[in-house]
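Undergrad: I'd like to go over a predicted model; first the sequence, then the structure.
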2 protein chains.
Amino acid sequence: MAKEEFTKEQEQLARFAKALGHPVRVAILQMLAKQICCYHGDMSEVLPIAKSTLSQHLNELKDAGLIQGNITLPSVKYCINMKNWTLARTMFETLLTEINNEECC
Amino acid sequence: MAKEEFTKEQEQLARFAKALGHPVRVAILQMLAKQICCYHGDMSEVLPIAKSTLSQHLNELKDAGLIQGNITLPSVKYCINMKNWTLARTMFETLLTEINNEECC
DNA sequence: AGTATCGTTCGTATTATTACGAATAAAAAT
DNA sequence: ATTTTTATTCGTAATAATACGAACGATACT
């Protein structure tokens, strides 16, 4: 059996995808992308989870590089990280459009 | 605190994303999309995981609707599920392009 | 100083994911 | 009929993800 490791691109795409892999995080990103709101408190009022759980999800999105946060007292403001958002768009598009249309199965 | 549940679209997108959320599954989908190979055995020779683990990952992709499999003895042949693949492309594109470009944070 | 507000971190419980090898199943080849 | 090939399922272990409330820290308000 062979065993080549994964490419950086595969790892990066999987990382982005994993961050998108929960409904609450999809909802957060939709809100931020549409800029309906940016504040933790506002999101907390809309989403069906505890504040502490929201913090966790926001952290995962931040760790994946998809969002960034700033303290704007008395609240905390989040927004999309444009650079990585664009990168993610490109990478998903690349995977999902590079498809051979011939029937196989 | 409010508590609306998630939409079907958010659930569906998260499900697709979760399926893409592991490097080995990204690698599998790339192979299938490019049709470099479709057979379990061939993938097994390239990927750095045990055959049983590969089966698990293939099952997750199948459950998420992104691939389909057929027995073509003596092997098993997998390929992209075009309908859902296209749906996934549309959904990711929708999320990732519906973005307000104004600076926020 | 004391109190309220806002988020994060901590501690913890539950469930899900990932991985492997052994055992199994199903058909083909000998 | 036995063996080989191919892939899945089973059993199991280790780790990660998800969720909550309590405790904490930082700032603003009284």
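TA: Cool, got the structure. Residues are numbered from 1 along each chain as shown, chains lettered A, B, ... in the order given.

Undergrad: Would you mind checking which helix or strand in chain A has the lowest mean pLDDT?
TA: Among the helices and strands of chain A, strand A:67-72 carries the lowest confidence by mean pLDDT, DSSP states H and E, at a mean of 92.

Undergrad: can you tell me if it touches chain B.
TA: Yes - counting by CB under 8 Å from any CB of the partner chain, chain B has neighbours in strand A:67-72: A:Q68, A:G69, A:N70. (C-beta placed from N, C-alpha, C; glycine too.)

Undergrad: Could I get the buried residue list for the helix or strand harbouring A:G41?
TA: If you go by DSSP states H and E, A:G41 is part of helix A:40-46. Within helix A:40-46, the residues that count as buried by 16 or more other CB atoms under 10 Å in any protein chain shown are A:H40, A:M43, A:S44.

Undergrad: circling back: CA atoms of the least confident helix or strand of chain A as CSV?
TA: Provided in CSV are the C-alpha atoms of strand A:67-72 (Å, rounded to 0.1, in the frame of the first residue of the first chain):
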residue,chain,number,x,y,z
ILE,A,67,-13.7,35.6,10.4
GLN,A,68,-12.0,38.2,12.6
GLY,A,69,-13.1,39.9,15.7
ASN,A,70,-12.6,43.3,17.4
ILE,A,71,-13.6,44.6,20.8
THR,A,72,-15.7,47.6,20.3
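
Undergrad: before we move on, the earlier item: could you give the average pLDDT over the helix holding A:G41?
TA: Mean pLDDT, helix A:40-46: 95.

Undergrad: Give me the contact status of it with DNA strand D.
TA: No - using CB under 7 Å from any atom of the strand, helix A:40-46 stays clear of DNA strand D, with a minimum separation of 10.4 Å.

Undergrad: just how off-centre is that helix within its chain?
TA: Remark: helix A:40-46 is offset 18 Å from the chain centroid, using CA atoms, centre = their mean, to the nearest Å.

Undergrad: Now do that helix: which elements does it pack against?
TA: Judged by 3 or more CB pairs under 8 Å, 6 or more residues apart in numbering or on different chains; DSSP states H and E, helix A:40-46 is in contact with helix A:23-34, helix A:51-63, strand A:75-80.

Undergrad: ok, back up a step: now the buried residues of helix A:40-46 in CSV, with distance to DNA strand C?
TA: Shown next, in CSV, are the buried residues of helix A:40-46 (distance: CB to the nearest atom of the strand, whole Å):
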residue, distance to DNA strand C
A:H40, 3
A:M43, 8
A:S44, 6
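
Undergrad: just to revisit the earlier point, let's have the helices and strands packed on helix A:40-46 in JSON lines, adding mean pLDDT.
TA: Shown next, in JSON lines, are the helices and strands packed on helix A:40-46 (pLDDT from 0 to 100):
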{"stretch": "helix A:23-34", "mean pLDDT": "96"}
{"stretch": "helix A:51-63", "mean pLDDT": "98"}
{"stretch": "strand A:75-80", "mean pLDDT": "94"}
